[in-house]
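In: Structural data only, the sequence is not supplied:
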């Protein structure tokens, strides 16, 4: 879905669902029996992520526990989003890596997952001027893991300039707590609806006259 047009629908965010599933797998596997190598998803700043995946190294002794955890995560996600997300699926499959790849440290894994599950996402406030209009929202658009860092992209919107900056400050606060840094692009200016606008009144009277 579009991060502006569809954000009010509270669709599932594949990156956040994947992060929650990975956290559950690591807990189910137990200390030292599973490690995160990579997590990624989302490809457009203005789209709610539809797909995400993670690569983990899992001890054979933990396989049964991990499979049960994945099944439980799927059940939970379908229960929460299944009526809207008809094709929602969470699956586990074996993956062969080419070459060596180091796993993330325990602290890096915990920090990355915590950030992904803490960042604001979805409609944050509805307009007081126009019922059902999303005034402020944010989209956790993508995540990718490099050799020494992770990059997370968020796209925030608001018709109120100060509310947008407050949302961006929340994102920076999460990054600060995680020891990360934030790069911001220039924000679109806010354009708050004005129900008392003269041009709105003129337009309504013209439409009423023409359409009845």
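Out: Noted; the coordinates are in hand. Note that the coordinates shown come from a computational prediction; the quantities given were computed from them, not determined experimentally.

In: I'd guess residue 123 is in a strand, am I close?
Out: Yes. Assessed by DSSP: H, G, I helix; E, B strand; the rest coil, residue 123 belongs to a strand.

In: quick one, what contacts it?
Out: By C-beta atoms under 8 Å, 6 or more residues apart in numbering, residue 123 lies in contact with 7, 8, 10, 134, 136, 137. Placement of C-beta: from N, CA and C, glycine included.

In: Just the element for residue 164, please.
Out: Residue 164 is part of helix 161-177, with elements assigned from DSSP states H and E.

In: Report the contact partners of the residue nearest the centre of the chain.
Out: Nearest to the geometric centre of the chain sits residue 140, at 3.4 Å (C-alpha atoms, centre = their mean). Each residue near residue 140 by C-beta under 8 Å, 6+ apart is listed here: 13, 15, 16, 42, 49, 116, 119, 120, 121, 152, 153, 154.

In: residue ranges of the strands in this protein, please?
Out: 34-41, 52-58, 122-126, 134-145, 150-158 (DSSP state E).

In: which non-adjacent residue is nearest residue 150?
Out: residue 112 (5.4 Å; C-beta to C-beta, 6 or more residues apart in numbering).

In: From residue 164, how far out is residue 138?
Out: Counting by C-beta to C-beta, to the nearest Å, the separation of residue 138 from residue 164 is 9 Å.

In: if we look at the lowest-mean-pLDDT helix or strand in the chain, which residues are touching it?
Out: In the chain, no helix or strand scores lower on mean pLDDT, DSSP states H and E than helix 198-211, which sits at a mean of 87. With contacts defined as C-beta under 8 Å, 6+ apart, helix 198-211 is touched by residue 194.

In: And stretch 52-66, by the same measure?
Out: The list of residues contacting stretch 52-66 from outside it, by C-beta under 8 Å, 6+ apart, reads 14-15, 17-19, 21-22, 25-26, 28-30, 32-42, 92, 95, 97, 101, 103, 143.

In: what stretches of the protein score poorly on pLDDT?
Out: 1-5, 99 (pLDDT under 70).

In: ok, back up a step: ok, the residue nearest to the centre of the chain to residue 193 distance?
Out: Residue 140 is 26 Å from residue 193, where distance means C-beta to C-beta.

In: how about the longest helix belonging to the chain: buried residues?
Out: Longest helix of the chain, by residue count under DSSP state H: helix 63-81. Within helix 63-81, the residues scored as buried using 16 or more other C-beta atoms under 10 Å are 65, 66, 69, 70, 73, 74, 77, 78, 81.

In: quick revisit: pick the most deeply packed of the strands of the chain.
Out: Highest mean neighbour count of the strands of the chain: strand 134-145, a mean of 22 (counted as mean count of other C-beta atoms under 10 Å).

In: by how many degrees do that one and helix 161-177 diverge?
Out: Relative orientation of strand 134-145 versus helix 161-177 (axes from the mean of the first three to the mean of the last three C-alpha atoms, to 10 degrees): 30 degrees.
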